[in-house]
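**Student:** Attaching a predicted model along with its sequence, questions to come.
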Amino acid sequence: MNTRPDRRRFLAGLSVLALAPVLAACGSDSDSPSTPSGGGSSSAAPEESAFPVTIKHKYGETTIEKAPQRVVCVGLTDQDTLMALGIVPVGVTYWFGDEKLQGVYPWAQDRLGDAELPTVLKDTGGVQLEKVASLAPDLVIGTYSGLTEQDYKKLSAMGVPVVAQSGDYADYGTPWDEAALTIGTAVGKPKATQQLIDDVKQRISDEAAAHPEFKGQTAGVVTPYEGLFLYGPEDPRSRMLLDLGFDLHPLITDADDSEFGVSLSAERTSDLADAGVAVWIDLDADNQVKSLFEKTKAYDDGRWFDISPANGSYYVAHSFVTPLSIPYLLDRYVPQLAAAADGDPTTEPPAVKD
C-alpha cells in the first residue's frame with residue numbers, strides 16, 4: 001500500500017518526525033470491529049428548534065433531521081469541539097501524537113467522563129469506509145480535513161449525513177471558530193458553541209493586550225520539508241500569530257499562492273534573518289536548513305524557538321487549534337513567543353515538556 005500521505009495532509013501538521021508513528025501504525029482494515037463499538041455520550045439535550053438543520057460545505061449541502069447519538073470524526077481535530085459540548089464521538093481520526101490517548105488529549109480528558117474512549121481510525125490511505133460503517137454512525141463530520149469528493153459520496157451512500165470541510169477555504173484551512181460553529185450547529189448546540197468561541201476569543205484578545213510588543217513584529221511558522229515550508233495565512237497556526245498581534249513575514253505574504261503555505265528552497269532559509277519571531281517545527285529535521293538558520297541575525301538575536309516531538313502534547317496542541325486546545329496552547333506558547341520577541345539573546349524561551 002502507499003503509506004505516504006498526500007502533501008497537503010502532511011503539511012497540515014505532520015512534520016518529518018511526526019510522520020513516523022503514522023507510517024508505523026498504518027495497516028489494513030482487517031481489525032475493524034464487526035459490531036458497533038465506542039461509547040458516544042451527550043451531556044445535554046439539543047437546543048430548542050435546532051433541528052432539522054442544513055449545513056453547506058465543499059460538496060453541497062447536508063440536512064440533519066435530529067440530534068445525532070453516534071458521531072464519527074473523519075476530520076483530524078473535530079473531536080475537541082464535540083467534547084467541549086459534552087459529546088464523546090464513537091470514532092476519531094488519528095493524526096499524530098500519542099496514539100494510546102485515542103484522540104483524547106490532555107486538554108480534553110476531563111470531558112471524557114464515564115464514556116468509552118473513541119475507536120481510532122486512520123486515513124493514511126483514505127477514509128476507512130468499512131470501519132466507519134461498523135461504528136453505525138448517525139453523523140460523520142470532517143471540517144478539518146481533506147475529504148475527497150469520492151470518499152464523501154461513499155460515506156453519504158451509507159445513508160448517513162456527512163458534513164465535509166468548507167469550500168470557502170483551502171483544505172485544512174477553515175478557521176477554528178467557523179469549524180467549531182459548523183460542528184456545534186450539526187449537533188444542535190449552536191448557541192453553546194458560540195459562547196464557547198467567544199470565551200476562547202476573549203482569552204486570545206487578553207493575551208494580545210498583555211503583549212503589545214507583538215504588534216507590528218513579523219512572525220512565521222516554518223518547518224524543513226523538501227527545503228523550507230512556511231505556513232500561509234489560511235493555516236490555523238498562522239492565524240493564531242495574527243490574532244496575537246503579529247504580522248506574517250513577507251516571505252509568506254509576498255508569495256503568489258500562499259493561502260496554505262509557501263515552499264522554498266533550503267537556501268531561502270537565510271531570508272528569515274529579519275524575522276521578528278521564527279516559530280520552527282522540527283528544526284533539527286534538516287541539517288542544511290538548521291545550519292543556514294544558525295547563520296542568521298534572527299538566530300543570533302534569539303528571535304526563534306523550536307517545537308518538536310520532545311515537547312509532547314504541546315507539540316500536538318500547536319497544530320490542533322481548537323476551542324479546547326487553544327487555552328492549553330496559550331499557557332505554553334505565549335511565554336515562548338514573548339521571550340523570542342524581546343530580541344534579547346540572553347532571554348531563553350521557557351522549556352515546555354507537555
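**Tutor:** Good, I have the coordinates.
**Student:** Please report the distance of the closest residue to residue 260 other than its chain neighbours from residue 261.
**Tutor:** With C-beta to C-beta, 6 or more residues apart in numbering as the measure, residue 170 is the residue that lies nearest to residue 260, at 4.5 Å, once sequence neighbours are left out. Where you see a C-beta, it was placed from the backbone N, CA and C, and this is true even at glycine. When C-beta to C-beta, to the nearest Å is applied, the distance between residue 170 and residue 261 equals 9 Å.
**Student:** Of these two, which one has the most company?
**Tutor:** The residue with the greater number of neighbours, taking residue 170 and residue 261 and applying other C-beta atoms under 10 Å, is residue 261; the counts read 27 against 17.
**Student:** Any buried residues in stretch 214-223, and which?
**Tutor:** For stretch 214-223, the neighbour count (16 or more other C-beta atoms under 10 Å) marks 214, 217-223 as buried.
**Student:** Export it to PDB, keeping only CA atoms.
**Tutor:** Written as PDB, here are the backbone C-alpha positions of stretch 214-223 (Å, rounded to 0.1, in the frame of the first residue of the first chain):
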ATOM      1  CA  PHE A 214       3.900  41.500  19.500                       C
ATOM      2  CA  LYS A 215       2.000  44.200  17.400                       C
ATOM      3  CA  GLY A 216       3.800  45.000  14.200                       C
ATOM      4  CA  GLN A 217       6.500  42.400  14.600                       C
ATOM      5  CA  THR A 218       6.800  39.800  11.800                       C
ATOM      6  CA  ALA A 219       6.500  36.100  12.600                       C
ATOM      7  CA  GLY A 220       6.000  32.900  10.800                       C
ATOM      8  CA  VAL A 221       5.600  29.200  11.500                       C
ATOM      9  CA  VAL A 222       8.200  27.300   9.400                       C
ATOM     10  CA  THR A 223       9.400  23.700   9.000                       C
END
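**Student:** what about the helices in the stretch 1-150 of the chain?
**Tutor:** Taking DSSP state H, counting those that start in this stretch, the helices of the stretch 1-150 of the chain run over residues 7-11, 19-25, 79-84, 129-134, 149-156.
**Student:** Rounded mean pLDDT for the following helix or strand past the last one, please.
**Tutor:** Using DSSP states H and E, the helix or strand that follows helix 149-156 towards the C-terminus is strand 162-163. When pLDDT is averaged along strand 162-163, the result is 98.
**Student:** who does strand 162-163 touch, helix- and strand-wise?
**Tutor:** strand 60-64, strand 139-141, helix 149-156, helix 176-186 (3 or more C-beta pairs under 8 Å, 6 or more residues apart in numbering; DSSP states H and E).
**Student:** right, and these - which one's nearest residue 278?
**Tutor:** Nearest to residue 278, of all the helices and strands packed on strand 162-163, is helix 176-186, at 22.6 Å by C-beta to C-beta.
**Student:** how about the closest one: buried residues?
**Tutor:** Within helix 176-186, the residues that qualify as buried by neighbour count (16+ other C-beta under 10 Å) are 176-177, 179-186.
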